[in-house]
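>>> What follows is a predicted protein model with its sequence.
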Amino acid sequence: MIISNEIKERFDLSINRIQGIALEPCVKTDYFNHVAEYIIFTLELYGCIKKTDDGFSASEETSGDIPSLLKLRERNEKVFEELRDENYSKSYLNPECSAEKLGSFGKAMSFLYSEIYSFPMLIADDKAFDVLILMELFLEIYSICTAEGKPSLKAVEEALYYYAYDYSEELVRERIEEILLPIEGLSYKICTEADLETEDYLYSYGEYIGDNERGLSKYLASLPQEEINKIADTFVEGFRRGFETMNVPFDGKKTVNIRYSIGQERIVRAAIKGFDKIGLKPILCRYAVGRINRKQVIRQGFTNISLNMQFDYDHRCDDAFFLNKRFIERKLDIMRKVYEEYREDAAVYAGPAVIESFGEKTAEPTAKDDASAYTDAQQKLYTEFATRSGELVNEYIPGDKYSFTIIAFPVPEVHERFEEVFKDTVRLNTLDSNKYQRIHQCMIDVLDRASYVKVEGRNGNLTDIRVSMRKLADPEHESQFENCTADVNIPVGEVFTSPVLEGTKGTLHVSHVYLNGLLYKNLRMDFEDGCVTDFTCSNFEDEEKNRAYIKENVLQNRETLPLGEFAIGTNTAAYSMANKYGIMGKLPILIMEKTGPHFAVGDTCYRHMEETRIFNPDGKEIVSKENSFSALRDTEPEKAYFNCHTDITIPFDELGRIYTVEEDGTEVDIIREGRFVLEGTEELNEDLD
């Protein structure tokens, strides 16, 4: 991390004051001593500071001797040790523990420490300014709490607020530049230049590196380059085909945002070469680690496997310390200013290309009363900001002017037969699209005649929902459902539509599902006219906590959301693979949504693309691209979109029946007792057998 002359004096002053705090005897609590020690330890460990006769000063050279692999591992374990389960329960990073020791100051102090705990990532990304302002914030709060008289919680909270407000100009700008500009930074150099045959390079990220990252990197290093190239070619070709499928012009596009999991660098290196052949430069950036730019537990960018999901969950609402009307107006003003400055770069942005990972151990998060939480007013502000920021970004990067693709691969923790699971996943990602296209057409021909579709559960699944379809004006040339092959969503295997909300009603239920990394037990949602009217789950004994859990993480702090998508997954090979290894609960939504019918709450799949003409392989135009909310995009845009889309899948073993009902009452079964029975689809049962 290079500390420029402009900030060196401030940096040296801060680090020496912090060193003094680390050496002070504890008064009532060791919080400030502990955090000060962590700051000194981390900066010294990574060579950012050096001892002098007068104390510490910023180091002009941070590389020094190259540590051995053993030293790299030891350093990595040491700097993140408080996130381990056995340590987290007694760490100030844990708001519950922090509240126990610090009382009403606990939430604020835990938030501050969680931000400082990102130092290894900030150092790796050469963000000396970000490190400096957090050190100065720490010193400001220390001064407040050690001044004569009773410490003021209000003053502490104001310090946190003004930190976010005052530095949002720099930090929001920094984030937008990261996601728009093809800067040849840390991850680019790793993916294009590092020796990927050893694990040493993994520790350059400043992230916790565990068995998943090491094992995945080692396994990919063992594969022939031809296999790596095939994986990357599938990924790149899926992205390119997305422009054709969605009828989006590709000419003039120059950049692609590659998001990946640490350990997948050999695939990324090959993908960079593939994208270069079609004229795209890679944008590689880390997920937002600071709460000013981060959205709840979501990680968009390159990332490791979270060492402690409970830590992420505990701090998901820390922006409550600065989330008010004044702050969101400032952030929106900054966003507009920066996007306007980079208008030309936004215009040539081709979209995100995402390589997901799956299979890590999952834990059911605990809702803690001592963790930060939004007030009712903040919940409304959160949704207001999501809506307005989405509109702003769409102004500069219109949804009908870019594409995307997503593919997923397992990590070693998925199963003791990891290599077999990985090979089977590669097979899933390269299934015969022509076969599925033909089978899908048989289903679409029936679905296009439907007045509505009924989905019913079995084996304890309480689903009983009616999904309204629209009447086609020109059945010879129009279709309600998209015939989805392997392009933007890899692997192949679904037909989907934006249903008519009016008349769509009933109950959606699934016994066990992971959504955005969070487990839901017995998730149940009731719908009337296509909108959620009631919801619950059985994660907690307290029903109020169950509802709050869903409202916050699925409904995105809203009372309701519409049904944005109805789809029938057809990838029985994926379902069979999951059952073969007993990993159904570990599948990512990308694959899981192909293993049965799924319903998405939020926006439709065609958000901001309603005017784009899209055609199925048979030449019919897809006309079911909007609903009564998105239809307001020109007259009441603030009501049209929700900037979220969460897929909820019913697996085949919980599926009793899917059938269409035509205007004259004729019923046509597509699936019965978890098996495809419609003529022309029976081939899908081979994998179920």
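Right, received. Where do you want to start?
>>> longest helix anywhere in the chain?
helix 153-180 (DSSP state H).
>>> Return the set of buried residues in that one.
Buried residues in helix 153-180, counted by 16 or more other Cβ atoms under 10 Å: 156-157, 159-161, 163-165, 167-168, 171-176, 178-180. Just so you know, the C-beta spots here come from the backbone N, C-alpha and C atoms, and that holds for glycine as well.
>>> now stretch 467-486
Those buried within stretch 467-486 under the rule 16+ other Cβ under 10 Å are 467-470, 472, 478-486.
>>> Likewise for stretch 217-224?
Per 16+ other Cβ under 10 Å, stretch 217-224 contains these buried residues: 217, 219-220, 223.
>>> now swap in stretch 110-128 and tell me
So for stretch 110-128, counting by 16+ other Cβ under 10 Å, buried means 110-125, 127-128.
>>> now stretch 77-90
In stretch 77-90, counting by 16+ other Cβ under 10 Å, buried: 79-80, 82-83, 88.
>>> can you map out the strands along the stretch 251-400 of the chain?
255-259, 281-283, 349-358 (DSSP state E, counting those that start in this stretch).
>>> Columns mean pLDDT on top of those, output as JSON lines?
Below are those laid out as JSON lines (pLDDT from 0 to 100):
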{"stretch": "strand 255-259", "mean pLDDT": "98"}
{"stretch": "strand 281-283", "mean pLDDT": "98"}
{"stretch": "strand 349-358", "mean pLDDT": "96"}
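>>> from these, which stretch is densest packed?
Ranked by mean neighbour count, those are led by strand 255-259 with a mean of 24 (mean count of other Cβ atoms under 10 Å).
>>> With only the CA atoms kept, save that strand in CSV.
Output of strand 255-259 as CSV, limited to C-alpha atoms (Å, rounded to 0.1, in the frame of the first residue of the first chain):
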residue,chain,number,x,y,z
THR,A,255,-15.9,-3.6,-21.2
VAL,A,256,-17.2,-6.6,-19.3
ASN,A,257,-17.3,-6.9,-15.5
ILE,A,258,-16.0,-10.3,-14.5
ARG,A,259,-17.1,-11.4,-11.0
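>>> got the contact list for that strand?
179-182, 239, 268, 271-272, 275, 280-285, 300-302, 345, 348-355 (Cβ atoms under 8 Å, 6 or more residues apart in numbering).
>>> In helices, which of the buried residues of stretch 217-224 fall?
217, 219-220.
>>> so where do the strands sit in the stretch 551-689 of the chain?
563-569, 597-602, 621-622, 645-649, 655-661, 667-672, 675-676.
>>> Below-threshold pLDDT in the protein: ranges please.
26-28, 54, 60-65, 486-487 (pLDDT under 70).
>>> tell me which of the ones in helices among the buried residues of stretch 217-224 is nearest to residue 689?
For these, the minimum distance to residue 689 (Cβ to Cβ) is 30.6 Å, reached by residue 219.
>>> returning to that earlier point: could you dump the strands of the stretch 551-689 of the chain to JSON lines with mean neighbour count and distance to residue 502?
Listed next are the strands of the stretch 551-689 of the chain as JSON lines, based on neighbours: other Cβ atoms under 10 Å; distance: least, Cβ to Cβ, whole Å:
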{"stretch": "strand 563-569", "mean neighbour count": "26", "distance to residue 502": "11"}
{"stretch": "strand 597-602", "mean neighbour count": "25", "distance to residue 502": "16"}
{"stretch": "strand 621-622", "mean neighbour count": "18", "distance to residue 502": "20"}
{"stretch": "strand 645-649", "mean neighbour count": "20", "distance to residue 502": "20"}
{"stretch": "strand 655-661", "mean neighbour count": "21", "distance to residue 502": "16"}
{"stretch": "strand 667-672", "mean neighbour count": "18", "distance to residue 502": "21"}
{"stretch": "strand 675-676", "mean neighbour count": "20", "distance to residue 502": "29"}
